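Visitor: make a model of this:
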Amino acid sequence: MANDRDALITGIGLVSCLGEGDDAHWAALTRAAGFQPVVDETRFAPYPVHPVAALELDKQIPKRGDQRQMEAWQRIGTYAAGLALDSAGVKGDTELLSRMNMIVAAAGGERDTAADESILSALATSDDPGALLNQRLMSDLRPTMFLAQLSNLLAGNISIVHGVVGSSRTFMGEEAAGADAVRIACARIAAGQGDLFLVGGSYNAERPDILMLPELDRALWQGAWQPVWARQAGGGGLVLGSLACFLVIESRAHAIARGARARAHIAAIATDRCMRRPGQATANAARQLAGIQANHDLAGAAVVSGATGAPAPTGEESVFLRDLGLPVRAIANAFGHGLEPTVPAALAVATLALERGTLFPPLEEAEAPMADPLRSVLVTSWGAWRGEAMALVAPV
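Guide: As a prediction, the model looks like this:
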């Protein structure tokens, strides 16, 4: 039953290797000749990466000075935020933007790789590496807590460029940060603590330093690209992708009052985390599913999964999803794995499919087709290291 405090998606801004915006993504996902991944297997060999599509930055970040002072993760995020505001019909509306709340999921930003390499080289031959490290940290690196760009710079640039000046929060915590950003926006809407939210994040995978982090744990897939579920036969691994997604989420009453086009209803969302001992993530997902099924019928549902490709969680998730008996699509096949914006992007793709009443075709052989009309979408996300989330996207 419709409620004035329902959380509705009224705007989507999506940027990935497939392009920008709704039409480009839906066209790529539903190509008559079959889905073709966009992958760069040479630039960071042996690690394949899904590179972001070329963007005309002037369309969403008109000042060249603003563009120059941002690194890539901020540019694609600010660009996607502008797309979402356009989609929701709030771009340039100072009254609405003045009370729009923003929740951003972001990592620590980009490092100065040349400085890092120089320091590591000097340490190898230093007689006093401790003193050298202190001196170089103070003189060479950006003066920030993380020795990299601060995570809240993305929110700051969105405020500057697009005029979103209500409350602002930035969450860190990889996939779980993106899931919690959406969950908290929905909870605040339900509690009457806000009516209008901009929620999302961005990730630049095309960086040697960001590739190094998971590879220290031997977590990256190497060699020719393979799809997510098929990758498990070869030991599994992440294929990262540059990705940005923002959603405008608002209360049903607010959307109706301003005549907004409501695109989908986030009918339920739950997040959790565990130590990832065998079976713990499955138990979390089972509890989340039971909570959703207590209030919602999943007849005619499909699953849009944020499965990462990491061997242990992806293997466990594949068994859990198989037992559901619903058609499944792993969006990492389309975008690569984008960590923080994974859940917003999955919600965006679910919304595109639900609006059209049909699930897009399988993205790999392990995924079954769906001939029946699509009535709802279950979004799942098991982070590569921590965090289990589940949401139900329903018609308005």
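Visitor: which residues touch P373?
Guide: P373 makes contacts with G300, G357, T358, as judged by CB atoms under 8 Å, 6 or more residues apart in numbering. (Each C-beta comes from the backbone N, C-alpha and C, glycine too.)
Visitor: try 10 Å this time
Guide: G300, G357, T358, L359 (CB atoms under 10 Å, 6 or more residues apart in numbering).
Visitor: measure it to T358 for me?
Guide: 7 Å (CB to CB, to the nearest Å).
Visitor: again, but for A53
Guide: In terms of CB to CB, A53 sits 24 Å off from T358.
Visitor: just give the number of residues close to F360.
Guide: Residues contacting F360 under the criterion other CB atoms under 10 Å number 22.
Visitor: how about R375?
Guide: 15.
Visitor: roughly how far apart are the closest residue to it other than its chain neighbours and T282?
Guide: Excluding the flanking residues, the one nearest R375 by CB to CB, 6 or more residues apart in numbering is G300, at 3.1 Å. Separation of G300 from T282 (CB to CB) stands at 24 Å.
Visitor: backbone dihedrals for E250, please?
Guide: Main-chain dihedrals, E250, degrees, to the nearest 10: phi -140, psi 160.
Visitor: OK, contacts around it?
Guide: 6-11, 88, 90, 96, 100-101, 185, 189, 194-198, 256-258, 260, 262.
Visitor: who's in contact with the spatially most central residue of the chain?
Guide: The centre of the chain sits closest to P341, judged by CA atoms, centre = their mean, with a distance of 1.5 Å. Counting by CB under 10 Å, 6+ apart, P341 touches 14-16, 76-77, 80, 104-106, 175, 177-178, 181, 200-203, 241-246, 306, 335, 348.
Visitor: what do you get for L339?
Guide: L339 neighbours (CB under 10 Å, 6+ apart): 105-107, 173-178, 201-203, 205, 210, 214, 238, 240-241, 243, 306, 308, 383-384.
Visitor: apply 8 Å and report the result again.
Guide: Each residue near L339 by CB under 8 Å, 6+ apart is listed here: A107, E174, E175, G178, Y203, L240, A384.
Visitor: so it, which of the three states?
Guide: Of the three states, L339 takes coil under DSSP: H, G, I helix; E, B strand; the rest coil.
Visitor: name the helix or strand for R322, please.
Guide: Element membership for R322 (DSSP states H and E) is helix 311-324.
Visitor: what's the mean pLDDT across that helix?
Guide: For helix 311-324, the mean per-residue pLDDT is 97.
Visitor: past it, which element shows up next along the chain?
Guide: The helix or strand immediately downstream of helix 311-324 is strand 328-330, counting by DSSP H and E.
Visitor: partners of that following strand in the sheet?
Guide: Sheet pairing of strand 328-330 (DSSP bridges) gives strand 301-305 (parallel).
Visitor: re the thing from before, ok, of the contacts of P373, which one's closest to A368?
Guide: Of all the contacts of P373, A368 sits closest to L359, with 9.9 Å by CB to CB.
Visitor: can you map out the strands along the stretch 151-300 of the chain?
Guide: Using DSSP state E, counting those that start in this stretch, the strands of the stretch 151-300 of the chain run over 168-171, 196-203, 243-251, 264-272.
Visitor: indicate which one of the ones you listed is closest to D112.
Guide: Closest to D112 of those is strand 196-203 (CB to CB; 18.7 Å).
Visitor: the closest one versus strand 243-251: what angle between them?
Guide: Counting by axes from the mean of the first three to the mean of the last three CA atoms, to 10 degrees, strand 196-203 lies at 170 degrees to strand 243-251.
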